[in-house]
Each structure stands twice: as C-alpha cells, then as structure tokens.
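Enquirer: Got a predicted structure here, sequence first:
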Amino acid sequence: MKMHEEVEGLAILIRDLRKFKGLTLGELAQRIGRSVGFLSQVERGVSRPTVADLTAISETLGVSTAYFYNLNKPRDLSWVTRPHERRTLYFGGGITDVLVSPTIAGSFSMLDSRLEPGATSGDEYLDDSSEQGCFVLEGELTVWLDEGDPVTLYANDSFQLQPHASFRYANLTDKLTRVLWVFN
C-alpha cells in the first residue's frame, strides 16, 4: 500500500467516526488540544497525526487506537465488507459489536452484536438519536421499552424503534445471543 493510501484510509476512518459520534471538527479539535486546521488536514489526508494525536482522538471518540488500523480493501469493492475487514468494539457488560457495514457514514449502518450469557446494555435506559431496528439471529434478547414490562425476543424476531426511544436490553440466558442492529 502506498503512503498516500495509508494516510487517506486513516483520514476516512477518523472523519467517519467523528461524524458518527456527532462531533464537529471544532469540538474534536478542542477536546484533543489541537487546531481545527490541523485536524482538517488530518481528515483530508494532507497531514498525519502523531501517536499522541491518534491516541487522543481515539480516547475522545471512544475507541481503541487499533480501530484505526486500516485493512487494505480494493477500491472497486468499497461497498463490500468481508469478515477480516470489520471493526470490533468490546464493551463492558459482555457485549461485542462488529461493524458489518463498509462505512458508518452512510444513511444506515449495521452491527452484528454478540451478547454473552448475562450481558446487558446497563441499568440505565438508552436514548439514542437514531432510528434503529434489531433482528435476533440466535438466542434470546430481552428488551425494556419506556420502562414498561420486559419483552423477550427469540431467533427470527425483530423490532424497530423511533429516535429517542428509551430502552435497554439484556441476554438473560446462559447461551450466546446474536442480533443484527440496523440504525441510521
């Protein structure tokens, strides 16, 4: 891979993740202690961040620096993602999310979410600004919506939530649960 392509790949990852997290260039620049101009150059592939810069960016955006290690992908297949090309985030509470979409900057994204036995999104209700849906691939997923009674979904069940729906979820079984999340 040529150096320009490496810089360009990193630039795209940083820009896409910043936008996904809902931060402006100015907000991210302020949080990492760098200028907007510098960060703009990084996101356009004109400048490369230092290890310290990338560490600050990753901490601010809530990912490990390993997230930014770009895997080679042929340009003509930028709309395809293969298992070895996917980004993985490991959360507390026994949940692992694998981004199965080629990008998080499109009009929707997909996650393969794996919930270990007893895994939970937490005791607090989530309030996500995106519309989202979930399809249970295997296992059972228990969902609490608007502090109502829990509803258990089984393999091949699904749901769709409007933006800012107040919900939480858990795998209350002793087996792995896998779900496909789709959100915009």
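Expert: Nice, thanks for sending it over.

Enquirer: going forward, measure contacts between C-alpha atoms and count neighbours the same way
Expert: Fine.

Enquirer: Determine the three-state secondary structure at residue 34.
Expert: coil (DSSP: H, G, I helix; E, B strand; the rest coil).

Enquirer: show me what contacts residue 24?
Expert: residue 18 (Cα atoms under 8 Å, 6 or more residues apart in numbering).

Enquirer: quick one: it from residue 30, how far?
Expert: Residue 24 sits 10 Å away from residue 30, taking Cα to Cα, to the nearest Å as the criterion.

Enquirer: cool, and residue 11?
Expert: Residue 11 is 18 Å from residue 30, by Cα to Cα.

Enquirer: Residue 80 too?
Expert: Residue 80 is 34 Å from residue 30, by Cα to Cα.

Enquirer: With residue 171 instead?
Expert: 38 Å.

Enquirer: the more surrounded of the two?
Expert: residue 171 (25 against 12; other Cα atoms under 10 Å).

Enquirer: wait, isn't that one in contact with residue 177?
Expert: Yes. At 6.5 Å, residue 171 counts as touching residue 177 under the criterion of Cα atoms under 8 Å.

Enquirer: Residues that sit against both of the two, list them.
Expert: Overlap of the contact sets of residue 171 and residue 177 (by Cα under 8 Å, 6+ apart) consists of 115-117, 140-141.

Enquirer: pLDDT below threshold where in the chain?
Expert: Per-residue confidence for the chain (pLDDT under 70) gives these ranges: 1-8, 52, 65-66, 69-76.

Enquirer: can you give me the strands in it?
Expert: 87-91, 95-99, 109-115, 126-127, 132-138, 140-145, 151-154, 158-161, 166-170, 177-183 (DSSP state E).

Enquirer: Same list, these, but as CSV with mean neighbour count and distance to residue 54 please.
Expert: Listed next are those as CSV, based on neighbours: other Cα atoms under 10 Å; distance: least, Cα to Cα, whole Å:
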stretch, mean neighbour count, distance to residue 54
strand 87-91, 16, 17
strand 95-99, 20, 20
strand 109-115, 22, 24
strand 126-127, 14, 28
strand 132-138, 20, 30
strand 140-145, 21, 36
strand 151-154, 15, 40
strand 158-161, 14, 34
strand 166-170, 21, 32
strand 177-183, 22, 27
